[in-house]
Each structure stands twice: as structure tokens, then as C-alpha cells.
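>>> Let's see this in three dimensions:
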Amino acid sequence: MKKVYLSGDHAGFYLKEKLRDFLRKKGFEIRDFGPYAYDKNDDYPDFVIPMAKAVKKDKVFGLVIAGSGEGEAIAINKLKGIRAPVYHGKNLKIIKTTREHNDANILCIGARFVSEKESKKAVEIFLRTKFAKGRHERRLRKFESLGS
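Residues are numbered from 1 along each chain as shown. Below you'll find the model as predicted:
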């Protein structure tokens, strides 16, 4: 069974819950790093940083569902081995491209900008798209040495 790790913030809480159920129905084992309840005063680093560390350690995919996803992506992209783009909707081709070219391992979804239907499509594309390797491996090596 494939594993997917989830986290986010209060603004993405309800969409995260829907995506968790959606993925379980698709046969994925889910590890949810929170938030576990809606709390408008939560601090997303408390959820997304442990999730990103676990993604790196366990070599699985992660999904961050938050208001914009921007702050979350900034935080987790500071961790060596994490490549987390942000998706705000519209063109789903960018999801495929970021997997193929950047070997992205966490997808941050801006819940304030993406519908449930669109987020499900984005997640499906993200999880099924393979890294293209080749010249992209060379490029990743060039910036992976920069992280802490």
C-alpha cells in the first residue's frame, strides 16, 4: 500500500479532511500530521515541519493543504531534500511538470484558491507522475548541496 503524509493549517483543515478520505478510498495509507481540529490560532510550522522531515526520512509523498500554501512551502523548502511547489489552481500541467522536472515530493495546495474537485485532480496527477530523470537529475544535484 502506498503512503501519503498530510499536514496544513486551519484554513486548509476542511479540504485536508476531504482529501484524506478521498485518498483512503483510492487505497492510500494516510499519516496525518495535523491539524486535527479547526483552530484559527494554530501555527502551521508545528504541523508541516514534522511532516516534511518524515517525508524525507520515509521517502514518501506529502501534501500540505493550507490557506495559501506559501508560508508552508517557504518553511519546508528550507529542509534539505524537500522540494515543495505551491498550487493555486487553473493549469494542472504545472503539477505534472514539477514532478517530472523537479522530483517534487510535497505538494502545497492553496485551499483558498482551489476547489475540492480541482485539488483532487491535482493530487492524482502529483501522485502518479514519475520523475523524468536525465538532465533533471543533474540540475537537482546542483541545488541539493545548498540546503541545511
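>>> May I have the residues that are in contact with Ile109?
Taking C-beta atoms under 8 Å, 6 or more residues apart in numbering, we find Ile109 in contact with Gly12, Leu15, Leu63, Val64, Ile65, Ala66, Gly69, Val86, Tyr87, Ser119, Ala122, Val123. Backbone N, C-alpha and C define where each C-beta goes, glycine included.
>>> got those as a markdown table, with neighbour count, pLDDT and secondary structure columns?
Output for those, formatted as a markdown table (neighbours: other C-beta atoms under 10 Å; pLDDT from 0 to 100; DSSP: H, G, I helix; E, B strand; the rest coil):
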| residue | neighbour count | pLDDT | secondary structure |
| --- | --- | --- | --- |
| Gly12 | 29 | 97 | helix |
| Leu15 | 21 | 98 | helix |
| Leu63 | 27 | 98 | strand |
| Val64 | 32 | 98 | strand |
| Ile65 | 28 | 98 | strand |
| Ala66 | 28 | 98 | strand |
| Gly69 | 29 | 96 | coil |
| Val86 | 21 | 97 | strand |
| Tyr87 | 24 | 97 | strand |
| Ser119 | 25 | 97 | helix |
| Ala122 | 21 | 97 | helix |
| Val123 | 23 | 97 | helix |
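>>> Go through these and name the one nearest Val4.
Leu63 (6.3 Å; C-beta to C-beta).
>>> do you know how far the closest one is from Arg139?
24 Å (C-beta to C-beta, to the nearest Å).
>>> Check Glu29 too.
In terms of C-beta to C-beta, Glu29 sits 31 Å off from Arg139.
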